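>>> Return a 3D structure for these sequence lines:
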Amino acid sequence: HGLALAPEPPGPGEVRGAAGRWLTGRSVGGVLSDPVLLRHLLWIAVASGRPLQLHAGLGESGLRLDRTDPVLLTDFARATAGLGTDLVLLHGYPFHRHTAHLAGVFPHVYADLGAALVRTGARASAVLSEILELAPFGKLLFSSGAQGLPELHVVGARLFRESLTRVLGTWVAEGAWSPADAQRVAELIAAGNARRVYGLD
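All right, here's what the predicted structure looks like:
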């Protein structure tokens, strides 16, 4: 989070040096923030071939928002293309258009919708429309975007369902889409895409 990722993994000597410095100076329970070690861990994750979730956009208080723009992941996305690991950009708001753009440009990049919708509440359908303008329908994943209380997951799911129904329903009512197309896309975003990306089928 808050890191422009270099497009290549660090060398072994660089990793050993960074690990030594971090282990010497770390506090118990401290957050790993060394850029060399973070790059090393991310490339290890890429080598696993499993989907890699990357947080972008609003999150913890105190973070510099300009360092959480998913556009900073462009070189990393380019470098990891074709390696067999999907990148799932979580949250993204208020950079939801940037997240959607990256999902549209790179075949292995996907966008999570949850936090963008939860953070915007009554404006969620407008934000969802902006995301759908840029990202392919097969690249968007539902999540509740909730944290903490279990009830918030229910609220997030309901907000998602209402927003998606409003957006797709408007397109059907205007004659831009058929009901069958709207149903197919709704099923992809609500479950099908996640099943495919995470190998749940």
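>>> and residue 55, that's in a strand?
Yes - in this structure, residue 55 lies within a strand as judged by DSSP: H, G, I helix; E, B strand; the rest coil.
>>> That one and residue 185, how far apart?
When distance is defined by C-beta to C-beta, to the nearest Å, residue 55 is 26 Å away from residue 185. To be clear about C-beta, it is placed using only N, CA and C from the backbone, and glycine gets the same treatment.
>>> Which of the three states applies to the residue positioned nearest the centre of the chain?
The central residue of the chain, meaning the one whose C-alpha is nearest the mean C-alpha position (C-alpha atoms, centre = their mean), is residue 89 at 1.6 Å. When states are read from three-state DSSP, the local structure at residue 89 comes out as strand.
>>> Please name the residues that touch it.
Contacts of residue 89 were listed using C-beta atoms under 8 Å, 6 or more residues apart in numbering, and they are 54, 56, 70, 73, 99, 102-103, 109-112.
>>> for residue 32, same thing?
So residue 32 contacts 22, 38, 41 (C-beta under 8 Å, 6+ apart).
>>> circling back: please pick the buried ones from the contacts of residue 89.
Among these, those scoring as buried are 54, 56, 70, 73, 99, 102-103, 109-112 (criterion: 16 or more other C-beta atoms under 10 Å).
>>> distance of the closest residue in space to residue 8 that isn't next to it in sequence from residue 10?
Spatially, and ignoring its direct neighbours in sequence, residue 8 is nearest to residue 79 (6.4 Å; C-beta to C-beta, 6 or more residues apart in numbering). The spacing between residue 79 and residue 10, counted by C-beta to C-beta, is 13 Å.
>>> Out of the contacts of residue 32, which end up buried?
Neighbour counting by 16+ other C-beta under 10 Å classes residue 38 among the contacts of residue 32 as buried.
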